[in-house]
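S.K.: Take this sequence and fold it.
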Amino acid sequence: MQESFGNSPGDTAYKNALAQLEFAAQRLKLDPDILSLLKSAEKELSVTFPVPMDDGSHQVFTGYRIQHNSALGPTKGGIRYSPQVDINEVRTLAMLMTWKCAVVGIPYGGGKGGLCVNPRDLTTPELERITRRFARELADILGEDRDIPAPDVGTNETTMSWMADELSNLQGNYRPAVVTGKPLNFGGIIGREEATGRGVSIVAKQALDKLSIPTKGSRVVIQGFGNVGVHSAHLMRDLGSKIIAVSDSSGALWNPRGLDLSKLIAFKRESGHLCDYAGDAEHLKMAEILEIPCEVLIPAALEGQITDANALNVNAVIIAEGANGPTTLEGDQILNDRGILVIPDILANAGGVIVSYFEWLQNKSSETWIESRVSRELQRTLSEAFRRVLNYAEQHKVTLRQSALLLGVSRVADRIRELR
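M.R.: Numbers count the residues shown, from 1 in each chain. As a prediction, the model looks like this:
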């Protein structure tokens, strides 16, 4: 793999991911051959294809699928649709999926896919044609025991149903385990939609307990009010927390007494923009949400939100990273120096891939998991992972981010040695 860097967010993220891997390699004293293997993806596929639009014209789209490492099992990771997608962004996310699966103890390697497209600019028939063509382009490297996609930014259960149907058509029979995150009537699993947000709430509660902070009445601020942010808000409220501020791409809302979450979510679904909300809340600039005093801050928007330019102004006790890569390396160092407890993305937002694993197991065994089983197993899996990461951090005097990374990398490296 040729390492080429520019100045895009994907380039910066990939450089940071490689720097984190180098740190882990030094601390773990990794064999140089293993480090070289982990720095490179096992397989990278780049595709370009035309698709007919509703007006009779054709547009050309570029997409990627990266399989980073399969030492622990078939590769697993979402497919995102975004105009900002580039190959280094997908490389970064595939690598992070490898560590994420390893640190929570599920038998997957890391993969990721992306298509450079803005789904908001397309009609539903156009999106379906694009998705089905993309599935055909990726078909040779996907499979239920090889590489299993899931939803991500810009995709959802409908996208996955189209992809599963197209892949099944190519294989000649319906194989539901070929993708996860599907609708229930396509072999999906109950609880998948809220799984990432539920996972964030589980680890946030564990951190509050660790610091002896009562969950009841604790103040929660959420940056990003999409799927992860909304479900994190719901579940933290159910635990007794007070959601005092939320934001989306249009603006931020704050009420120190607590926001009316039900009213806010209903408005968001109807209008789509928090900036137009006229309820009992003060409107803030988006950047100000990170500075609101709170016990738990959940960045659930985009990468690179907490940096060396604003980390000194963050007023949270705990940060639970609902998004992938919301904190830069420089910002993370400042947060650590200030004593803010950061639960890293590869642990905090692992609920989605854990429940995807349950869906895969359900499909492979032709059984149906009930909601209580999904919730119970997710709680157990993430609670055990949090304790492992916390214990390692305390034992080795490292941060939770470093601990999660070291545990994930060491597990993959150990498996590579066993397979030699």
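
S.K.: so where's this structure shaky on pLDDT?
M.R.: Where the chain drops to pLDDT under 70, the residues are 1-5.

S.K.: and if we set it to 80?
M.R.: Scanning the chain for pLDDT under 80 picks out 1-7, 9, 271-272.

S.K.: and the longest helix for it?
M.R.: Looking across the chain with DSSP state H, the single longest helix is helix 371-396.

S.K.: Please state the offset of that helix from the chain centre?
M.R.: Centroid separation for helix 371-396 versus its chain: 17 Å, with C-alpha atoms, centre = their mean, to the nearest Å.

S.K.: Could you pull out the buried residues of it?
M.R.: Buried residues in helix 371-396, defined by neighbour count with 16 or more other C-beta atoms under 10 Å: 374-375, 377-378, 381-382, 385-386, 388-390, 392-393. To be clear about C-beta, it is placed using only N, CA and C from the backbone, and glycine gets the same treatment.

S.K.: One more: stretch 74-92?
M.R.: So for stretch 74-92, counting by 16+ other C-beta under 10 Å, buried means 74-82, 85-92.

S.K.: Please name the bridge partners of Leu45.
M.R.: Leu45 forms beta bridges with Arg65, as assigned by DSSP bridges.

S.K.: Hmm, it is touching Arg65, no?
M.R.: Yes. Counting by C-beta atoms under 8 Å, Leu45 does reach Arg65; the two are 4.8 Å apart.

S.K.: Common neighbours of these two, please.
M.R.: Leu138, Ile141 (C-beta atoms under 8 Å, 6 or more residues apart in numbering).

S.K.: who has more neighbours, the two?
M.R.: More neighbours surround Arg65 than the other of Leu45 and Arg65, with 27 against 17 (other C-beta atoms under 10 Å).

S.K.: so who does the more buried one touch?
M.R.: By C-beta under 8 Å, 6+ apart, the contact list for Arg65 reads Glu44, Leu45, Ile79, Val90, Gly111, Lys112, Gly113, Leu138, Ile141, Leu142, Asp147, Pro149.

S.K.: One more: Ser8?
M.R.: Each residue near Ser8 by C-beta under 8 Å, 6+ apart is listed here: Gln84, Asp86, Asn88, Glu89.

S.K.: Quick check: which element contains the last one?
M.R.: Same thing as Glu89. Assessed by DSSP states H and E, Glu89 sits inside helix 87-104.

S.K.: cool, Lys263 as well?
M.R.: With DSSP H and E as the test, Lys263 turns up in helix 261-271.

S.K.: for that helix, packing partners?
M.R.: Applying 3 or more C-beta pairs under 8 Å, 6 or more residues apart in numbering; DSSP states H and E, one finds that helix 261-271 contacts helix 227-238, strand 242-248.

S.K.: any chance of those in TSV, with mean neighbour count and distance to Thr328 too?
M.R.: Formatted as TSV, the helices and strands packed on helix 261-271 follow (neighbours: other C-beta atoms under 10 Å; distance: least, C-beta to C-beta, whole Å):
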stretch	mean neighbour count	distance to Thr328
helix 227-238	22	20
strand 242-248	24	19
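
S.K.: Any idea how many residues pack against Leu407?
M.R.: For Leu407, the neighbour count with other C-beta under 10 Å is 24.

S.K.: May I see the buried residues of the host helix or strand of it?
M.R.: For Leu407, the host element (DSSP H and E) is helix 400-419. Neighbour-count burial for helix 400-419, counted by 16+ other C-beta under 10 Å, picks out 400-413, 415-416.

S.K.: and if you look at stretch 283-294?
M.R.: For stretch 283-294, burial by neighbour count (16+ other C-beta under 10 Å) applies to Leu284, Met286, Glu288, Ile289, Leu290, Glu291, Ile292, Cys294.

S.K.: now the end-to-end length of that stretch.
M.R.: 17 Å (C-alpha to C-alpha, to the nearest Å).

S.K.: domains of this protein?
M.R.: 9-174, 195-348 (automatic domain parsing).

S.K.: mind putting these in a markdown table, distance to Gly181 included?
M.R.: Formatted as a markdown table, the domains of the chain follow (distance: least, C-beta to C-beta, whole Å):
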| stretch | distance to Gly181 |
| --- | --- |
| domain 9-174 | 4 |
| domain 195-348 | 9 |
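
S.K.: how far does the helix or strand just after the helix holding Glu89 sit from the chain's center?
M.R.: Past helix 87-104, heading to the C-terminal end, the next element that is a helix or strand (DSSP H and E) is strand 109-115. Put simply, strand 109-115 sits 11 Å off its chain's centre (C-alpha atoms, centre = their mean).
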